[in-house]
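Chemist: sequence and computational prediction follow.
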Amino acid sequence: MNRTELVQRCLTKGVAEAGEIERVVHFLHEYLFSSLRRGQAVSIPGFGTFRTRLAGVKTFRRVPSFEPEQSLAGRVNDRFRGLSHIVTGTYQEASALGGLEYTGRPAPYDTILEHTDTQRILDTFKEVRDEEFERQRAERQRTQQQEEVHTMPRLNLKDDSLESEEPLESDQSTAPPPTLRDVGGGGGGKGMSTILLVVLILLVLAAAAFALNYFGVVHLWGKKAPEVTEAIPEPDLPMPETTTEGETAPPEDASLAPAATIPEPAASPEVSPPVTAQPRATTPSRPAATAPPTGEGMFTVQVSSWETRAKADEEAAKLSAAGYSAYVQEGSVAGEVWYRVRVGRYGSMREAQEAATQLERVAESAIWVAQISE
Amino acid sequence: MAPQDIVNSLSESSGLSRQTVSEVLNALGAVLADELAEKGVLRLDQIGEFVVDHRSGRRGVNTETKEIFVIPPQDYVLYLPALECVERCNTPP
């Protein structure tokens, strides 16, 4: 519509002459642009208000805008007049799912029909009906549960129902996750039972090994019982009456022989008392000798070496109780005093080696042949 | 600026009475509104184009109250300023 047409249309109203209307339109045109240039608003009664707003990032520009009057906006929106926002429901936090759950009610379409009977409104509202909400919610839940299935361990899988294409019902959203009992004979349960079976077998084997070791059938760990305890019982033989003073000292050759195998009464009068055989623990231990047995041999068998005299005496007493001529000799190694438990005195290295071989069955420590320095 | 200011300014610049200017402005606004409401489109030279546009209904969510509501459809006036109008608004006086 140009200015001439506008004047002709106003002239039909009969408010003024054509010249007056044209002058008003002309000055209104100029007044409109000058006001907008200064950022002022111009209102035309019955039509609307022209304004400008600043737009731009670095260089601002005035962009004219128009706001229709309430009467004009109402006339333009006559078909949808009186319609207001309709609350159809609310979203509530569903902690089990970690998302939103729709708890709404159907939209009151009857209320809409009271205001207008335009079919276009109903068509428009069909796009945003609750069915759309339900469909979107079900799709979101299905996607979320599929993600959880991929992240959850295999044990929590419940067949293939979660991966089916059927839409999820509202009851499924509140159902607890499947447990191991629900899985039943699934692949995850079978693997778990296999692991439990292996663990059970290992426990049984460990218990059997412990029992065998405890009762001494098999020696797997712990302190090995010395065999001396079995060799100590001595035969119930009477003491020979031909014991002489010269036989009190144990001879070198017979000192290594166990009392059970060689019941020589002259080996040691204290070792073979005329009593019945008793365990070694019950027999009183005689004091260990501190000097090597007399003789001309230059070799002896060293059974063990200790830092304390008491321990060395104890070990020597054990050997003496078993029938060996053990003694404790003090020695110095790197400035420290050690107490060596030695047995017998032999004239040659060979004899000493043989005696050491026999002693290895009794003693727990390493045995070697030493040369007497004295 | 109030409508009375526009009437006073146009009356001073045109030499017409304020009553005449006021009546002409009222008639002018009525003619423009009628044209726009009847035809849905109004084109004014050097000012721009007024179009009655339709905004369909849609879903809205109030994030505070978690309410879901339906926003009804609406017909509204869309103003598209002419290029000359924009240039003149940004021309220094």
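Modeler: Here it is on my side, so go on. Note that this is a predicted model, so its numbers are computed, not measured.
Chemist: quick check: buried residues in stretch A:339-359?
Modeler: A:339-346, A:351-352, A:355-356, A:358-359 (16 or more other Cβ atoms under 10 Å in any protein chain shown). Glycine gets a C-beta too; all of them are placed from N, C-alpha and C.
Chemist: start and end of that stretch, how far apart?
Modeler: 18 Å (Cα to Cα, to the nearest Å).
Chemist: and stretch B:42-50, by the same measure?
Modeler: By Cα to Cα, one end of stretch B:42-50 lies 5 Å from the other end.
Chemist: contact partners for A:A55?
Modeler: A:R61, A:R62, A:V63 (Cβ atoms under 8 Å, 6 or more residues apart in numbering or on different chains).
Chemist: biggest helix in chain B by residues?
Modeler: helix B:18-39 (DSSP state H).
Chemist: for the helix or strand just after that one, give me every contacting residue.
Modeler: Scanning forward in sequence from helix B:18-39 by DSSP states H and E, the next helix or strand is strand B:41-44. Strand B:41-44 has contacts (Cβ under 8 Å, 6+ apart) with A:M1, A:L6, B:L32, B:E35, B:L36, B:E49, B:F50, B:V51, B:V52, B:A82.
Chemist: and the spatially closest residue to the last one that is not a sequence neighbour, what is it in contact with?
Modeler: Counting by Cβ to Cβ, 6 or more residues apart in numbering or on different chains, the nearest residue to B:A82 once its immediate chain neighbours are dropped is B:G48, at 4.4 Å. Contacts here follow Cβ under 8 Å, 6+ apart; on that basis B:G48 touches A:P64, A:F66, B:Y79, B:L80, B:P81, B:A82, B:C85.
Chemist: what subset of those is buried?
Modeler: Applying 16+ other Cβ under 10 Å to the contacts of B:G48 flags A:P64, A:F66, B:Y79, B:P81, B:A82, B:C85 as buried.
Chemist: return the helix or strand in chain A with minimum mean pLDDT.
Modeler: helix A:228-231 (a mean of 41; mean pLDDT, DSSP states H and E).
Chemist: A:F50: neighbour count?
Modeler: Neighbour count of A:F50, defined by other Cβ atoms under 10 Å in any protein chain shown: 24.
Chemist: double-check that it belongs to a helix.
Modeler: No. Read with DSSP: H, G, I helix; E, B strand; the rest coil, A:F50 is strand and lies in no helix.
Chemist: relative to B:G29, how far out is it?
Modeler: Using Cβ to Cβ, to the nearest Å, A:F50 is found at 12 Å from B:G29.
Chemist: what about stretch A:5-13 and chain B, touching?
Modeler: Yes. Contact of stretch A:5-13 with chain B (Cβ under 8 Å from any Cβ of the partner chain) involves A:L6, A:R9, A:C10, A:K13.
Chemist: check the secondary structure at the third one for me.
Modeler: For A:C10, the assignment made with three-state DSSP gives helix.
Chemist: burial of it, as a residue count?
Modeler: Count around A:C10 with other Cβ under 10 Å applied: 27.
Chemist: pull out the buried members of the contacts of strand B:41-44.
Modeler: The buried subset of the contacts of strand B:41-44 - by 16+ other Cβ under 10 Å - is A:M1, A:L6, B:L32, B:E35, B:L36, B:F50, B:V52, B:A82.
Chemist: just to revisit the earlier point, the buried residues of stretch A:339-359: which two are farthest apart?
Modeler: For the buried residues of stretch A:339-359, with distances taken as Cβ to Cβ, the pair at the greatest spread is A:Y339 and A:E351 (24.5 Å).
Chemist: in strands only, show me the contacts of A:A55.
Modeler: A:R61, A:R62, A:V63 (DSSP state E).
Chemist: going through those, which ones are buried?
Modeler: Buried among these by 16+ other Cβ under 10 Å: A:R62, A:V63.
Chemist: any idea where the strands of chain A begin and end?
Modeler: Per DSSP E, chain A carries strands over the ranges A:42-44, A:48-55, A:61-68, A:86-94, A:99-104, A:299-306, A:326-333, A:336-346, A:368-371.
Chemist: what's the closest of those strands to B:T20?
Modeler: Of all the strands of chain A, strand A:42-44 sits nearest to B:T20, with 15.9 Å by Cβ to Cβ.
Chemist: could you give me the buried positions within the closest one?
Modeler: Quick answer for strand A:42-44 (16+ other Cβ under 10 Å): A:V42, A:S43, A:I44.
Chemist: and it, which strands flank it?
Modeler: Counting by DSSP bridges, the strands paired with strand A:42-44 are strand A:48-55 (antiparallel).
Chemist: shaky segments in chain B?
Modeler: Scanning chain B for pLDDT under 70 picks out the ranges B:1, B:93.
Chemist: what domains does the record give for it?
Modeler: If you go by automatic domain parsing, the domain ranges for chain B are B:1-39, B:40-93.
Chemist: ok now the last one, how far from the chain's centre?
Modeler: Which is domain B:40-93. 10 Å (Cα atoms, centre = their mean, to the nearest Å).
Chemist: how about the helices of chain A, start to end?
Modeler: Going by DSSP H, chain A shows helices at A:3-11, A:18-37, A:70-76, A:109-115, A:119-126, A:130-151, A:170-174, A:180-183, A:187-214, A:228-231, A:309-321, A:349-359.
Chemist: mind putting the ones you listed into TSV with distance to B:E23?
Modeler: Converted to TSV, those look like this (distance: least, Cβ to Cβ, whole Å):
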stretch	distance to B:E23
helix A:3-11	10
helix A:18-37	9
helix A:70-76	18
helix A:109-115	36
helix A:119-126	39
helix A:130-151	52
helix A:170-174	66
helix A:180-183	85
helix A:187-214	88
helix A:228-231	137
helix A:309-321	132
helix A:349-359	141
